[in-house]
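Q: Build me a model from this:
(2 chains)
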There are 2 protein chains.
Amino acid sequence: MTDLRAATPMYAASAGPSRSRDRGSIRRTNLGVVLRILRDSGPRSRAQIAVDTGLPKPTVTTLVAELVAHGLISEGSAQREGAVGRPGTLVRIDGRGLCGIGVEISTSYVQVLALTLSGDTVHQHRVAVAVAEAGEEEVLDLTAQAIRASLTALGRDGIRPVGLTLAVPGVIDTAAGTVEYASAIGWRGVAVADGLRRRLEQRLPRLAVENDAKLGALAEYVQAQGSDVHDMVCITGERGIGAGIISDGRLLRGSTGFAGEVGHMPLDPERRPCACGRRGCWEAMVGLDAILRLAAADDDWIHDPAVELESRLEELRRRALDGDARTREALARVAEDLGLGVALLADVLNPRVVVLGGYFTHIGQLMLDRVREVVRERVMAPDAGGCEVRLSELGFAAAARGGAYLALDAVYQDPARFEEFGEAVRQSAST
Amino acid sequence: MTDLRAATPMYAASAGPSRSRDRGSIRRTNLGVVLRILRDSGPRSRAQIAVDTGLPKPTVTTLVAELVAHGLISEGSAQREGAVGRPGTLVRIDGRGLCGIGVEISTSYVQVLALTLSGDTVHQHRVAVAVAEAGEEEVLDLTAQAIRASLTALGRDGIRPVGLTLAVPGVIDTAAGTVEYASAIGWRGVAVADGLRRRLEQRLPRLAVENDAKLGALAEYVQAQGSDVHDMVCITGERGIGAGIISDGRLLRGSTGFAGEVGHMPLDPERRPCACGRRGCWEAMVGLDAILRLAAADDDWIHDPAVELESRLEELRRRALDGDARTREALARVAEDLGLGVALLADVLNPRVVVLGGYFTHIGQLMLDRVREVVRERVMAPDAGGCEVRLSELGFAAAARGGAYLALDAVYQDPARFEEFGEAVRQSAST
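A: Numbers count the residues shown, from 1 in each chain, chains lettered A, B, ... in the order given. Prediction:
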């Protein structure tokens, strides 16, 4: 059972209703309790909700009616399989009239993704751009343009955004909405939240900025729902290498939100220079640039940022399968170094699962056996502490997806704040 | 405010009363709530406890009376300073009739330490022994003997132990009470809990086995109480290097309890061999053996395990202050490598504080400036993510102290389980 609330304590602390015990406040709290039960444990009857929450049945009936009226849940088909006793009406998450938006500024693209409350993708849009080369103003222009187009498309479909999370591959000051430092795209001290607000003005929904790896981990954790995995490390495989860490079901943020900067662990015995100015960084051993450099000559088209990344990775995969020696050596070398870093993180954090995301999703299958071997050899705990290395199923969409989930989490924390959305949807549906 | 319960979820999950809502169970739960308020927030009036807990005042009065009767708390002097309104009677943790025992098997000694509920040391006992050389059976004999002597001394003083935690510098299967692997002392698959139970039989109180670094971190976290530090990494400085990690006020254990194995991070560019059989481990760069080897010739008496470690470290310190070139170079080299690993951990975990314990407590002052410099240079987050490096004030006593706290935590979780102790003390006091 995934507890997204627990995984996103920054929201739980800020967005929930006040702790005062007046009646309205208790009602607001309980609306969230019911909504989260439906998210975490799936569709169920009113009676089951009463059992799950410990709330009296008449209270549950009132709360359910209210959530239905707001368009956040719907009543549906009777229980069919696996149920004991007479079939009852099931209640499930609906909220198709509202969505959360995740926007990712990556090294090679800007991506917008919108999810409804029930997790369905209702909009997706991606623009290729060499972010480091383009410069921050142009990228923010492009990002604002992509968001504007997405808002227009969503508006046309009658879907209203409850919030937007911007994912950036770097060290983020979430309170200020500033990118402190992002070596992979060469940004330092960029006020991205202000930049987007200035460009979009009143069109912009509630905005948060977060590190891409942390959002990716959130998405992977939601993805792993029901598998009893509560300790995960999710590695972003891009030009930059970062990690999102879930520990005991909570997103590990550290004292000032900077946890997970694993790309600059000094693992290279040759201490080669990294884009960050330091030497020996893991990122310079296993990042996207490293594998491309190892795999192909400088004038190979595989380096061309104008060609979509997926196509270049597919070409890499094809060459390896065709037996190209240089490509195979590159993959073997990166697998070795990837295993080394994953083993280190497994020693420090003892995760149940390490998820390899980003570019690893596309060519990681060719490295996975060796990575797992290195992890088994290198981790101190017996049987690698039970750590399983697997490839992400979300790939390059993970961070944007996590951003959308985070935006939606505000609804789960305090549904009453979003009553007007449901009302609007209900009215538009009835007219 | 330190929440030891949150920092020790293994206890919170197992030792508390069941969640059923019968009256006796609510009373038991509330006894713990009151006791923990007094531990975490200090002595206070009944009225204040009612405010803090949200319990009705008459209920608080009953609970306090019960805890007093059990000898767990006492009523004392009226409020004197800083109080507003009329002075009231203060209630505070007492429990001097019971103690928690921490026992540490280190690389060079076996140590027993007993703390009362209020944290006072009532017994301390240490035996020097070269653990790796002595072999496990002899060490367990010695440990059992030390525990027996301590139990006798405590019994003489009328203090009864509520539990005992054994700290070992290695990977521990806490459920089985087995040392899976401890490279620093050369143990593998040693059933220490069974070994002690067999030797001590009915004299042994409730026993737990835990990794030394995790217990050290618990002690450091209690030590930091009131400083608003909730993200810490505590490095053990012994032959073995481990870490106890506190994240958001909770002990980070990982999926199977093996988190914090930082000694074998592959940071050495020269990839020199480590005692564990791997190459390039951090432990082989900054562990006790490494600094002694760097600082003095093989036949130097400073290597003699028969001489107490503190004396050898004091000699090292003296030599450095006297300007001995080899010693100073050794300290400089280790400071550099220590900084590298601390910076890595700060990048991954973003702690507010990194505490250097064990041998670092004795000679770390001579390395601290350089360690801090390396951390500032190397950590990705601005201003090292606010990470402060400091020396432990607990030194070699940290793990045993943490073990005693952990044993006592069972009382804070469910005071009613320990009623008989208080009764016994009350009776012995009144006769």
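
Q: Using CSV, list the CA coordinates for the strand or helix carrying A:Pro161.
A: A:Pro161 belongs to strand A:160-168 when assigned by DSSP states H and E. The C-alpha coordinates for strand A:160-168 follow below in CSV (Å, rounded to 0.1, in the frame of the first residue of the first chain):
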residue,chain,number,x,y,z
ARG,A,160,-8.6,22.0,-14.9
PRO,A,161,-5.1,21.8,-13.5
VAL,A,162,-4.8,21.9,-9.7
GLY,A,163,-1.0,22.5,-9.7
LEU,A,164,2.2,22.3,-11.7
THR,A,165,5.5,20.9,-10.6
LEU,A,166,8.7,21.7,-12.5
ALA,A,167,11.4,19.1,-12.5
VAL,A,168,15.0,20.2,-13.1
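
Q: Packing partners of the following helix or strand past that strand?
A: Counting by DSSP H and E, the next helix or strand C-terminal to strand A:160-168 is strand A:171-173. Secondary-structure packing of strand A:171-173 (3 or more Cβ pairs under 8 Å, 6 or more residues apart in numbering or on different chains; DSSP states H and E): strand A:178-182, strand A:207-211. C-betas here are computed from N, CA, C, even on glycine.

Q: Would you tell me which helix is longest in chain A?
A: helix A:325-349 (DSSP state H).

Q: In that helix, which of the residues would be classed as buried?
A: By 16 or more other Cβ atoms under 10 Å in any protein chain shown, the buried positions in helix A:325-349 come out as A:327-328, A:330-331, A:333-349.

Q: ok so, going back, ranking the helices and strands packed on strand A:171-173 by mean pLDDT, which is last?
A: Mean pLDDT values for those show the minimum at strand A:178-182, a mean of 92.

Q: circling back: let's have the helices and strands packed on strand A:171-173 in JSON lines, adding distance to chain B and mean neighbour count.
A: Conversion of those to JSON lines gives the following (distance: least, Cβ to the nearest Cβ, whole Å; neighbours: other Cβ atoms under 10 Å in any protein chain shown):
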{"stretch": "strand A:178-182", "distance to chain B": "5", "mean neighbour count": "23"}
{"stretch": "strand A:207-211", "distance to chain B": "11", "mean neighbour count": "24"}
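
Q: just so I know, which of these lies nearest A:Arg390?
A: strand A:207-211 (21.7 Å; Cβ to Cβ).

Q: Partner strands of that closest one and their direction?
A: strand A:160-168 (parallel) (DSSP bridges).

Q: now the partner strand against strand A:178-182, angle please.
A: Put simply, strand A:160-168 runs at 30 degrees to strand A:178-182, going by axes from the mean of the first three to the mean of the last three Cα atoms, to 10 degrees.

Q: where in the stretch 101-250 of chain A is pLDDT low?
A: Under the criterion pLDDT under 70, no range of the stretch 101-250 of chain A is flagged.

Q: quick one, what contacts the closest residue to chain B within it?
A: Taking Cβ to the nearest Cβ, chain B has its nearest neighbour within the stretch 101-250 of chain A at A:Asp231, 4.0 Å off. Neighbouring residues of A:Asp231 by Cβ atoms under 8 Å, 6 or more residues apart in numbering or on different chains: A:246-248, A:349-353, B:254-255.

Q: Now do stretch A:301-312, average pLDDT.
A: 90.

Q: near chain B, which residues of the stretch 51-200 of chain A show up?
A: Residues of the stretch 51-200 of chain A found near chain B (Cβ under 8 Å from any Cβ of the partner chain) are A:171, A:180-181, A:183.

Q: For the helix or strand A:Asp369 falls within, list every residue counted as buried.
A: If you go by DSSP H and E, A:Asp369 is part of helix A:368-378. Within helix A:368-378, the residues scored as buried using 16+ other Cβ under 10 Å are A:368, A:370-372, A:374-375, A:378.

Q: And the strands in the stretch 1-150 of chain A, which stretches?
A: A:73-78, A:89-93, A:98-105, A:109-116, A:121-128 (DSSP state E, counting those that start in this stretch).

Q: what's the most buried one of those strands?
A: Mean neighbours per residue, mean count of other Cβ atoms under 10 Å in any protein chain shown, is largest over the strands of the stretch 1-150 of chain A for strand A:98-105, with a mean of 29.

Q: Listing partners with orientation, what would you give for it?
A: Looking at strand A:98-105 with DSSP bridges, what it pairs with is strand A:109-116 (antiparallel), strand A:160-168 (parallel).

Q: Next, the angle from it to strand A:121-128.
A: Going by the same axes, to 10 degrees, strand A:98-105 makes 20 degrees with strand A:121-128.

Q: now strand A:98-105: how far from the chain's centre is it?
A: A distance of 10 Å separates the centroid of the chain from that of strand A:98-105, by Cα atoms, centre = their mean, to the nearest Å.

Q: What of stretch A:240-258?
A: 12 Å.

Q: for it, which positions count as buried?
A: A:240-258.

Q: Distance-wise, check A:Glu261 relative to chain B.
A: 4 Å (Cβ to the nearest Cβ, to the nearest Å).

Q: what about that residue, how many neighbours?
A: Neighbours of A:Glu261 under the rule other Cβ atoms under 10 Å in any protein chain shown: 29.
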